[in-house]
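Peer 1: Provide a 3D model corresponding to the input given below.
(chains A and B)
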2 protein chains.
Amino acid sequence: MANPYDIGLGKTAANYQPLTPLVFLARAAGVHPHHTAVIYGGQRYSYAEFYTRCRRLASALAGHRIGAGGTVSVMLANTPAMLEAHYGVPMAGAVLHTINTRLDAPAVAFMLDHADTAVLIADTEFAPVIREALALARVKPVVIDYADAECGLDGERLGQFDYEAFVASGDPAYAWQMPSDEWNAIALNYTSGTTGNPKGVVYHHRGAHLMCYANTLATGMGQHPVYLWTLPMFHCNGWCFPWSLSLVAGTHVCLRLVRSKAIYDAIAEHQVTHLSGAPFVMACLLNAGEEDRRPFDHRVAFNHAAAPPPAAVLARMDEAGFELTHLYGLTETYGPATLNEWHAAWDELAPEERLAKRIRQGVRYHALEDLTVMDPETMARVPADGDTLGEVMFRGNIVMKGYLKNAEATEAAFAGGWFHSGDLGVMHEDGYIQLKDRSKDIIISGGENISSIELEDVLYKHPAVLAAAVVAKPDAKWGETPCAFIETRPGATVTAEEIIAWCKEKLARYKCPRYVVFTELPKTSTGKIQKFRLREMAKES
Amino acid sequence: MANPYDIGLGKTAANYQPLTPLVFLARAAGVHPHHTAVIYGGQRYSYAEFYTRCRRLASALAGHRIGAGGTVSVMLANTPAMLEAHYGVPMAGAVLHTINTRLDAPAVAFMLDHADTAVLIADTEFAPVIREALALARVKPVVIDYADAECGLDGERLGQFDYEAFVASGDPAYAWQMPSDEWNAIALNYTSGTTGNPKGVVYHHRGAHLMCYANTLATGMGQHPVYLWTLPMFHCNGWCFPWSLSLVAGTHVCLRLVRSKAIYDAIAEHQVTHLSGAPFVMACLLNAGEEDRRPFDHRVAFNHAAAPPPAAVLARMDEAGFELTHLYGLTETYGPATLNEWHAAWDELAPEERLAKRIRQGVRYHALEDLTVMDPETMARVPADGDTLGEVMFRGNIVMKGYLKNAEATEAAFAGGWFHSGDLGVMHEDGYIQLKDRSKDIIISGGENISSIELEDVLYKHPAVLAAAVVAKPDAKWGETPCAFIETRPGATVTAEEIIAWCKEKLARYKCPRYVVFTELPKTSTGKIQKFRLREMAKES
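Peer 2: Numbers count the residues shown, from 1 in each chain, chains lettered A, B, ... in the order given. Model prediction:
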C-alpha cells in the first residue's frame, strides 16, 4: 500500500531550501546591520558593510564568468579579505580553495593545477612564492592582488586586479543565488598527505551549514560573541568559524600574525570571548613577557584540538583566565568532529583523574551522526574498555563530500560506510574516545601537519644517508617538532647542520627537522624501523 | 563541461545521514546517561532510562507491525508517556499524531479516520471521549491505556494493553533505524480550522532536527536547561521542545495541569530555566495568591507566542523574575518561526518606544530561510514602511511537508513558492515584521479599516480589564462596527460608557467600539481567545 505521508507532499520552494551557511550572513546583516562584523587593526566593518562587500565580491567574480564548478584559490592571511572570500566565492556559486600560506611554490603549483583554479586572490606578502608557482603551473588564473593596507604591506603586484578595486567593481545589491543543491561543493582544502600528492578535501554547503550550529553549541557561544582569529583560516576553513559567527552575529577580530602582545591587546580591547588554536598559541600566551601582557577580567573560551598540552599548561591557562574546550577532528571532518563534553562532576575529581578526563578527545559533535573505534579489518567495534586499540571512525553530515578527482582514495576512506580517520584510539567505558597514536605518523607542529614520510623521503635522498626515520619530539612551544634519526652510510660523514640545510632546500621551512640524531636505527626482525623506540629516544634527547 | 566537484563525490553512509531529532536523544543518553531527563511529580528518569523506555516503546510498536506510513495517535496530557511517544513512535518508523485533549468525540473520530490510526495511546482520564470516538470511527486501532499513576488516575480501560506493560514488553536494546529519508513524516498535527474539517499538518524529520538547533538558539538554552511543560505537547509537538531538549541534555519537568502553585513549586524546587506558554500562563503566574507563590532567585526564560500581552503585564513579568522572549509561528511552521530578536540598545528607549519594539513578532527563526510580507495577489513584497498591510509569508525548511490527503489545500498554502500564513502584518524599516490583524479581524467601518489589535491594546490598559477582544458587528449604517468583549478583573467594576470614553481619549473616534459586552471570554485549549464565537455573539447582541 502506498504511504499516504509520501503522496502530494513533495518538496517545493516554500518548504524546502538547500542548507547553506550563506543564509546566516544574510540574516545577521538584516537583523544586526550596525553590529560590528569585522575588526582588523583600525578597520571596522558592520554586518551591513561586510555583507555588501561579500556581495560585491560575488558579483565581480560572476562578472568574470566564475560560477558552478569553478575554483577560486586564495593565499591569504587572517585578514578581512579571507573572511569575505568565505562568503563571496560561494555566493557566486564557486568553490573556495584556501592555500596554506607556508607552502612552497611547487606545492602551490600542484594545487592550482589540480583544482583547475580560475581565479587566484593572493596577499602580496606571498608574491615571491606565487610568482614561481604561476610559472610552474599549467593553469593561467585571473590573479587578484591583496595589498594589506592595515599592515602597510604592498608587495609586488602579479595580477590583473587590485583586490579593493575588484570588490568595488561589484554590485553591492548583487542578487546571489542559493546553491542549486545543498550537496554542492563550497570549499576545497588540501591535506598534507603522507604519501604522494596532497588530496583535495571537498566540503559541501549542507555540512558547512550544520557546522555553524554545532560549533556555536560546542563552544558555548551566545549572541554576539567576539572571536579572535589565531587559528589560520586556511586550515579546514578555520574549522568553519568564518561561517559560524554569522549564525550568532558575532564579531571577527582578525590578526595577521599570532603574537602574544597582539592577542592580549585584542582580548583586553575588544573583549574577546572565544579563540581557537593549537597548543603553541597557549605557549605563546603563557610565555609572554610582562610587557606584552594586558589584564582582563572576563573568562575567555579557548578551543584547542587534537593532542592536549601537558597538565601544567592546562592549569596555567586556567589561572590565566581561559576556559579550555578540547576538540578533535580532521580536514576530512570540516575541522572539529569530537568534543570533550565536560561533566560538572569531574571538577570534583583528584587532579590526576581530572587530567585523565581532560586529555580524552571525547564524544561526537552534535552534527556528527556516529563516532566509534573499530578494527578496520573486521569493521567490528572494539570493546569500550579504554584499552583495545582500533581506528577512529566517523559517520555523518560533517564528513567531507570526498577527495577531488581521486575516486580511489575516496572509496578507501569511506570503505564500509564509515570515514576511516587513520588515527588510532580507544573507546572508554563511558563512550568517550581517546587517541592513542597516529597510524600515519603525522607530526603536528604549531598546528600544522607535517608528514614524517615526506621528510624521510628527502632525507633518504642525501648521499650520506643510509636510513632515516622521523618522529615527533614533544616541544613546549610548537607542541611537537620533527626529530630525525639518521643512520649514515659506511665511511660517509655529515653534520646535523648539513642535514637541516639539505631539508630547507627542498621543503617548506616549518617542515624541517630541528633535531638530528645519528644512530643505528632500531629495527624489527623483519626490518621495519621501530618508531616507538625512536619516540622514546626523542623525548629524552 | 562536467563539474568536477560532482564526479565521484556522491552520498554514502559515511558522509550522508538523514537529519532527524532522534540522534540527539541517542547522543544525550550516551554522553549524559545519569543526567535527569524527565521529572514528573515523584517520578525521575535519567537519560539512560528515558532512552531505554523509548526504545522499548518503539520495539513494542514494531512488534505490532507498526512502521513506515503508520500512524500512532495519542491523547495524552503533558506526562512522561507523551515525551516517550515523541521518540518511540518515530523510532519505529511511524508517525506521531497528537490529539488536543479538549476535543470532543466527533472531532477525535474524524482525525482517527483521516489519519488511519493504527495504534491509539490514551490517558484514561479521556476514556469517555475516546470510548465515544472509537464507536464513531471507521478505524479499529490497537488501543493502549495510560493510567497516570503519579496523579492516581485510573479511569476506565478501553484497550488491549496497559501502557506500562506494553513498554515493558519491548526490547530495551531495540536497534531502531534511522529514517530511510529525512523527508519522511515524523508527526501529524491537526489545525483547529475555523471552517470545514481540520487539516492534518505533516512534519518531517529534517524540519524537526533543524528546529532543535533553532529553538535552543532562539531561547538561549545552554547545556542542561530545565524546561517546565506549561505549553501542551499536543500543540505543534510542544513547538518541538520534546526533541530540542535532547540536543542540550536538558531536563523536562512534566505538569499535568497548569496551575500557579505547581508552576512556582517547580521553578523553586527544580530550578526551572525555561518555559513556554500563552499569555494566560502569565496571567496565571501574576494573579496567583500569596499562598501559591514561592520565591526564586534565578531568572527564568519565558517564551510567549503570537499576540503579545499588554505593557503592564510585560513589566510585571519582568519584576517577577521572568525574561520574556517573543516568538510567533503557526502549526504549519512547527511552532515558532519568528523571533523578536532583541537589541541591547532598545533597553535604553523610553518605555513607550520600548514597548513598540517588544510587541513586534520580529525576524525569521535561524532555521527559516526567508520571511516576508507580501501582497498575496501580486506576490510583491510590501514596502518596509511599518504601515502597508500584506500577508505574512514563510519559506524554508521548517515549513510543513503539507496537509495530509489534501493536495488542494497544500497547493493553495504553497502558491507561488511561499507558505501563506493567512496573517496580516507589516514590515518595518528595520526588517522586523508585526502582525496587524488577521484578515478576518480587520473591521471595515464606513470604508475605514480598523485594527482590532490596536483597539485591544487600548482596552488592555484599562485598570479594570483582565482580558479584551474586539470583533466586527454587522451594522446597517457602517457595514461593520467594532464590538468589544471584556472580562473584568475580580472585584473591579466598570461601565460600557467608561470603556468607550477611555477609548475616545486614546484613539480616533471612528475606531472606538460602539458596543461593549462584559463576559468571560471563550478560549481554546491552548489559551487563544475564540473570536469566531465572539463574532456569533456580536451578531446576536
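
Peer 1: Surely A:Met379 and A:Trp418 touch.
Peer 2: Yes: counting by C-beta atoms under 8 Å, A:Trp418 is a contact partner of A:Met379 at 7.4 Å. C-beta coordinates here come from the backbone N, C-alpha and C atoms, glycine included.

Peer 1: quick one, which of the two is more surrounded?
Peer 2: More crowded of A:Met379 and A:Trp418, by other C-beta atoms under 10 Å in any protein chain shown: A:Trp418, with 25 against 15.

Peer 1: so the nearest residue to A:His205 once chain neighbours are set aside, which of the three states?
Peer 2: Nearest non-adjacent residue to A:His205, counting by C-beta to C-beta, 6 or more residues apart in numbering or on different chains: A:Thr20, 4.0 Å away. Using DSSP: H, G, I helix; E, B strand; the rest coil, the structure places A:Thr20 in coil.

Peer 1: Could you tell me how many residues sit around A:Thr20?
Peer 2: The local packing of A:Thr20 (other C-beta under 10 Å) involves 24 other residues.

Peer 1: OK, contacts around it?
Peer 2: A:Pro90, A:Met178, A:Pro179, A:Glu182, A:Ile186, A:His205, A:Arg206, A:Ala208, A:His209 (C-beta atoms under 8 Å, 6 or more residues apart in numbering or on different chains).

Peer 1: Kindly report the residues of the stretch 351-500 of chain A close to chain B.
Peer 2: Counting by C-beta under 8 Å from any C-beta of the partner chain, the residues of the stretch 351-500 of chain A close to chain B are A:363-364, A:366, A:369-370, A:394-397, A:399-402, A:404-407, A:410, A:413-414, A:417-419, A:431.

Peer 1: Kindly recompute the last result at 6 Å.
Peer 2: The stretch 351-500 of chain A comes close to chain B at residues A:363, A:369, A:395-397, A:399, A:401-402, A:407, A:414, A:417-419, A:431, as judged by C-beta under 6 Å from any C-beta of the partner chain.

Peer 1: Give me the distance between the nearest residue to A:His343 once chain neighbours are set aside and B:Ala26.
Peer 2: Spatial nearest neighbour of A:His343, chain neighbours left out: B:His32 (7.5 Å); criterion: C-beta to C-beta, 6+ apart. With the distance defined as C-beta to C-beta, to the nearest Å, B:His32 ends up 12 Å from B:Ala26.

Peer 1: one step back: in helices only, show me the residues of the stretch 351-500 of chain A next to chain B.
Peer 2: Counted as lying in helices by DSSP state H, out of those, are A:Ala407.

Peer 1: ChimeraX command to pick out the buried ones of the residues of the stretch 351-500 of chain A next to chain B?
Peer 2: Of those, the buried ones go into a single ChimeraX selection, burial set by 16 or more other C-beta atoms under 10 Å in any protein chain shown:
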select /A:363,369,395,396,397,399,401,402,414,418,419,431
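
Peer 1: Can you tell me which of the residues of the stretch 351-500 of chain A next to chain B is closest to A:Lys531?
Peer 2: Of all these, A:Phe419 has the smallest distance to A:Lys531: 24.8 Å, by C-beta to C-beta.

Peer 1: Find me the pLDDT at that closest one, would you?
Peer 2: Turning to A:Phe419, the model gives it a pLDDT of 97.

Peer 1: can you tell me how far A:Met400 sits from B:Leu210?
Peer 2: 21 Å.

Peer 1: Sorry, slip of the keys, the one I care about is A:Ala380.
Peer 2: A:Ala380 sits 34 Å away from B:Leu210, going by C-beta to C-beta.

Peer 1: from memory the residue nearest to A:His343 sits against B:Ser46, does it?
Peer 2: No: with contact defined as C-beta atoms under 6 Å, B:His32 does not count as touching B:Ser46 (8.4 Å).

Peer 1: Looking at these two, which is more packed in?
Peer 2: B:His32 (22 against 16).

Peer 1: where does the stretch 201-350 of chain A have low pLDDT?
Peer 2: A:306-307 (pLDDT under 70).

Peer 1: Chain neighbours aside, what residue packs nearest to A:Tyr460?
Peer 2: Nearest residue to A:Tyr460 in three dimensions, chain neighbours excluded: A:Ala468, at 5.6 Å (C-beta to C-beta, 6+ apart).

Peer 1: distance of that neighbour from chain B?
Peer 2: Distance of A:Ala468 to chain B, computed by C-beta to the nearest C-beta, to the nearest Å: 35 Å.
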